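[1] Next one to model:
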Amino acid sequence: MDDNGQNGVLMESSSPAHVLVLAHRTAVTPALLDAIRERAARGPAWFHLLVPNPSPADWRPALAERQRIAEGERILASALPLIEQAAHRPTDGSVSIRHDPMDAIEEAVYGGDFDEIILATLSCGSVPRWLHIDLPRRVMHLGLALTTVIDDSHHRRPQSEHGRRRAAGAGTGHGRLGWS
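    Just a heads-up that it's a prediction; the model follows:
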């Protein structure tokens, strides 16, 4: 018997887990929605979509704030109904003032009551940007359960011979990786 007096059956907590979902352009990808469905199927969960500030850092805070609100709110408006449908429960979300995804996560975790994190990123070539900056490992240091979702469905395109050589390390230039 286990600690709950059951034969091998663990009793779940009566309160749902609080899951922080960090996404930007990945907020409506099939891979993220599948991950949310899988998490919801494991047990009760409340989901909060966090969108890091989609506007680049700017020395004019008022302009950056207006851009953040406009683009971030569009992302939330399109993503929240789909996430609610996948989760089978109401979901909320917010747009962080932080552009850096780790800063946005830390601010949300320290200001909230989260038990888990789902980190969604797009594949932009050979290594997604958030993986390139080692975001999953950095997030693991917060001590919360972490699920990393990589969706490459929006970036699949035939590579030229030059593109294949560069992906294999034959190129010399560094391209700018897009937002995840």
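[2] how many other residues sit next to the closest residue to Glu73 other than its chain neighbours?
    Among residues not flanking Glu73 along the chain, Val95 sits closest, at 6.7 Å (CB to CB, 6 or more residues apart in numbering). Every C-beta, even on glycine, is put in place using the N, C-alpha and C of the backbone. Summarising burial for Val95: neighbours were counted as other CB atoms under 10 Å, giving 23.
[3] With the one 4 residues further on instead?
    Other residues near His99 number 17, with proximity taken as other CB under 10 Å.
[4] What does the pLDDT read for the residue nearest to it when sequence neighbours are not counted?
    Nearest non-adjacent residue to His99, counting by CB to CB, 6+ apart: Asn53, 4.4 Å away. Listed pLDDT for Asn53 reads 83.
[5] same deal with Glu161?
    The per-residue pLDDT reported for Glu161 equals 37.
[6] Pull out the buried residues from stretch 104-123.
    Buried positions in stretch 104-123, judged by neighbour count with 16 or more other CB atoms under 10 Å: 104-106, 108-109, 114, 116-123.
[7] And for Met140, the neighbour number?
    15.
[8] Let me know the secondary structure of Val19.
    Secondary structure assignment for Val19 (DSSP: H, G, I helix; E, B strand; the rest coil): strand.
[9] Look up how far Ala35 lies from it.
    To Ala35, Val19 is 10 Å away according to CB to CB, to the nearest Å.
[10] Which neighbours do the two have in common?
    Residues touching both Val19 and Ala35 (CB atoms under 8 Å, 6 or more residues apart in numbering) are Ile118.
[11] Report how many residues lie close to Pro90.
    Per other CB under 10 Å, the neighbour tally for Pro90 reads 10.
[12] I am assuming it contacts Ile83, so please confirm or correct that.
    No: the pair Pro90 / Ile83 is not scored as a contact, 9.9 Å apart, by CB atoms under 8 Å.
[13] Now do the strands in this structure.
    Under the criterion DSSP state E, the chain contains strands at 17-22, 45-51, 92-95, 116-122, 145-151.
[14] Could you dump those strands into JSON lines with distance to Arg39 added?
    Putting the strands of the chain into JSON lines (distance: least, CB to CB, whole Å) gives the following:
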{"stretch": "strand 17-22", "distance to Arg39": "6"}
{"stretch": "strand 45-51", "distance to Arg39": "6"}
{"stretch": "strand 92-95", "distance to Arg39": "16"}
{"stretch": "strand 116-122", "distance to Arg39": "7"}
{"stretch": "strand 145-151", "distance to Arg39": "7"}
